[in-house]
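Peer 1: Okay, sequence plus prediction incoming.
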Amino acid sequence: MSDVRVLESAEEFNRYRELVRYCFSDEFSQSAPIFSFIGNEDRGYGLFEQDRLETGIISRDFRANLWGQAIKLHGITYVASAPEARNKGHVRTLMNRILQDAYEAGYHASALYPFLFNFYAKFGYGTLGALHSYRFTPEDIQPDLISQVAGTFEPLISGREELDKPDMIDLFSQRFAEAQQVYNGWAENYSLGIELPLTAEQQRRYLGSQNEQAYLYRNLEGQAVGYLQYKMRPVGEDNVRIEVQRFAYLTAEGFRGLMSFLARHRNQCLEVVLRTSRDVPVHLLMEEPRIKLAAESTWMARPLKVKELLIMRIKQTGYSGTLRFSLQDPVIDENTATYTINSGELSIGAFTGENEISFESFSSLLFGAYSWQELALAGRVPSVETGLLTPKAEEEFSSLFRTGAAVMLSENF
């Protein structure tokens, strides 16, 4: 007999931790730091067979920005199943329960990093696009940048500090508050940009346990306008690689300041890996702009509160036309309906099937990851060419669902 429940006891979490370590081979998952920093609103869900944990998922709580407004963002991470329990529908059972709970708890949207896109599309998740990684050496950065940057770099934490002393804890908290302000301000530039999810104490323990470094960049007026968090990872016997975990700035000087900090590691590390949005002009600060760029960490998301997000989208685009379309939500029945927009006003009625859009495609369109024309080219939505839309309807869809601010989930989970 299957039993789905929220993990509460230390013994249940330990069983889940061992399941994660068995299922994932990467170093981050093996250490699974999330178990040390689960917030008050985060939940671990488990599916049990005869009191044996067979599948587990962590449901996370975030605060994010979408079109300049704050939303509650739900996250899915560490989906783990015992090998003998796979292909039994356990993940589907847990996902249906978790998404329904998140909807009832008032979350606007849910996001995840998929192991299989087709699998999570069945739950209504649409592709958002990729986080990009730049790879270069400190020597690749324009050497004049170091002398051009006049501000200072201030560590949040240092091995030279006695961090258990109250005054050091207070100092860290002060610096963290500024780092949080920089990071959250930077995240506002992106659709689904996530606010820094840790408290000062959690961040202090995280940096220590993960052996990561963190610096504020201050301009000449003493204002914190940049924040950098990274790990020095060994490569071979006598080399290291800088892997940047967080890279946030409020001004152009902040951006150049952070890049100059990386340039100061000349002759000290083999490579820098900087994961950030594609719109950050890293290559323009290089001696030669042809550095390595790769798309990775492609995210998916789906709306939970369709009505609320559609109203936000209408206001964000200034759409004032007339449009009608239908959605079938594979998980949340309340979202299955026909939606009518007339002069900027939204009304909802029973599902009719008129101009039906798959929920997966609607998710990508709603968040602005892809335009209507892009999905039409891929055959993912109705179009005039296929005879399923009138020219007027296609014009209206293109007006409402057009790309806008870059979409980027700014936290790894």
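Peer 2: Thanks, I have it.

Peer 1: all helices of the stretch 151-300 of the chain, in order?
Peer 2: Applying DSSP state H, counting those that start in this stretch to the stretch 151-300 of the chain gives helices spanning 166-187, 200-210, 252-263.

Peer 1: In CSV, list those along with distance to L73, mean pLDDT and mean neighbour count.
Peer 2: Every C-beta, even on glycine, is put in place using the N, C-alpha and C of the backbone. Formatted as CSV, those follow (distance: least, CB to CB, whole Å; pLDDT from 0 to 100; neighbours: other CB atoms under 10 Å):
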stretch, distance to L73, mean pLDDT, mean neighbour count
helix 166-187, 11, 91, 17
helix 200-210, 18, 87, 17
helix 252-263, 25, 97, 22
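
Peer 1: how about JSON lines for those, with distance to E154 added?
Peer 2: Converted to JSON lines, the helices of the stretch 151-300 of the chain look like this (distance: least, CB to CB, whole Å):
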{"stretch": "helix 166-187", "distance to E154": "7"}
{"stretch": "helix 200-210", "distance to E154": "14"}
{"stretch": "helix 252-263", "distance to E154": "11"}
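
Peer 1: Ok, which of the ones you listed comes nearest T298?
Peer 2: Nearest to T298 among these is helix 166-187; the distance by CB to CB comes to 18.8 Å.

Peer 1: Can you check what angle separates the closest one from helix 252-263?
Peer 2: Following axes from the mean of the first three to the mean of the last three CA atoms, to 10 degrees, one obtains 120 degrees for the angle between helix 166-187 and helix 252-263.

Peer 1: quick revisit: nearest to N14 among the helices of the stretch 151-300 of the chain would be which one?
Peer 2: Closest among the helices of the stretch 151-300 of the chain, using CB to CB: helix 200-210, at 17.8 Å.

Peer 1: name the helices or strands packed onto the closest one?
Peer 2: For helix 200-210, the elements it packs on are helix 166-187, strand 212-218, judged by 3 or more CB pairs under 8 Å, 6 or more residues apart in numbering; DSSP states H and E.

Peer 1: now the first one, how far from the centre of its chain.
Peer 2: Helix 166-187 has its average C-alpha position 21 Å from the chain's average C-alpha position, going by CA atoms, centre = their mean, to the nearest Å.

Peer 1: burial count for the nearest residue to P382 once chain neighbours are set aside?
Peer 2: In space, and not counting its chain neighbours, P382 is closest to L388: 3.6 Å by CB to CB, 6 or more residues apart in numbering. L388 sits with 13 neighbouring residues when counted by other CB atoms under 10 Å.

Peer 1: do you know how far L388 is from T336?
Peer 2: 20 Å (CB to CB, to the nearest Å).

Peer 1: about what we covered before: for the helices of the stretch 151-300 of the chain, which one sits closest to E356?
Peer 2: Between E356 and the helices of the stretch 151-300 of the chain, the shortest separation by CB to CB is 34.2 Å, and it involves helix 166-187.

Peer 1: Let me see the ranges of the helices in the stretch 1-150 of the chain.
Peer 2: So, for the stretch 1-150 of the chain - with DSSP H, counting those that start in this stretch - the helices run 10-23, 27-31, 90-104, 117-121, 144-148.
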